[in-house]
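Trainee: build me a structure from this.
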Amino acid sequence: MIVYNMISPNGNQVPNQFEINTQKGRYFQSYRSIIAFIDNKGQVFLDDYYWNYSRTTGKYRNIFLGEGIVETRKKIKSGEYKLKELNNV
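Mentor: This next block holds a predicted model:
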């Protein structure tokens, strides 16, 4: 497992925003919550509770996914992105 701080649009490391690379795929974590997971086949999973939790989370989720919120919502609605519980709550 390799953990990186996300990088801001200004090129700085962002505290509390992480990309985690594992053998199963890539995760985006904001603070202590997993927000998104992209498996090795390219399937995107978003946490059903935290995926759109805050403005900051949304900003870095967009960077992680490479798209804006409108496109993400369309992909959720179409079933391309799956909502599921990614955190052991």
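
Trainee: quick one: secondary structure of residue 61?
Mentor: With DSSP: H, G, I helix; E, B strand; the rest coil as the basis, residue 61 sits in helix.

Trainee: hmm, it is touching residue 28, no?
Mentor: Yes. Contact criterion CB atoms under 8 Å: residue 61 and residue 28 qualify, at 6.2 Å. Glycine gets a C-beta too; all of them are placed from N, C-alpha and C.

Trainee: any shared contact partners between these two?
Mentor: 35, 36 (CB atoms under 8 Å, 6 or more residues apart in numbering).

Trainee: neighbours of residue 41, how many?
Mentor: 6 (other CB atoms under 10 Å).

Trainee: and it, which of the three is it?
Mentor: Residue 41 ends up coil, using three-state DSSP.

Trainee: any idea how far residue 33 is from it?
Mentor: 24 Å (CB to CB, to the nearest Å).

Trainee: model confidence score at the residue lying farthest from the centre of the chain, please.
Mentor: Within the chain, the residue lying farthest from the chain centre (CA atoms, centre = their mean) is residue 10, at 19.6 Å. Looking at residue 10, its pLDDT reads 92.

Trainee: in what helix or strand does it lie?
Mentor: Residue 10 is part of no helix or strand, with elements assigned from DSSP states H and E.

Trainee: can you pull the contacts of it?
Mentor: Residue 10 neighbours (CB under 8 Å, 6+ apart): none.

Trainee: which phi and psi does it have?
Mentor: Per-residue torsions, residue 10: phi -90, psi 0 (degrees, to the nearest 10).

Trainee: ok, the one 3 residues further on next?
Mentor: With angles defined as degrees, to the nearest 10, residue 13 shows backbone torsions of phi -70, psi 140.

Trainee: and it, what are its bridge partners?
Mentor: residue 7 (DSSP bridges).

Trainee: and the strands in the chain?
Mentor: Assigned by DSSP state E, the strands in the chain fall at 2-7, 13-21, 25-30, 33-39, 44-47, 81-84.

Trainee: relative to residue 31, how far out is residue 42?
Mentor: 26 Å.
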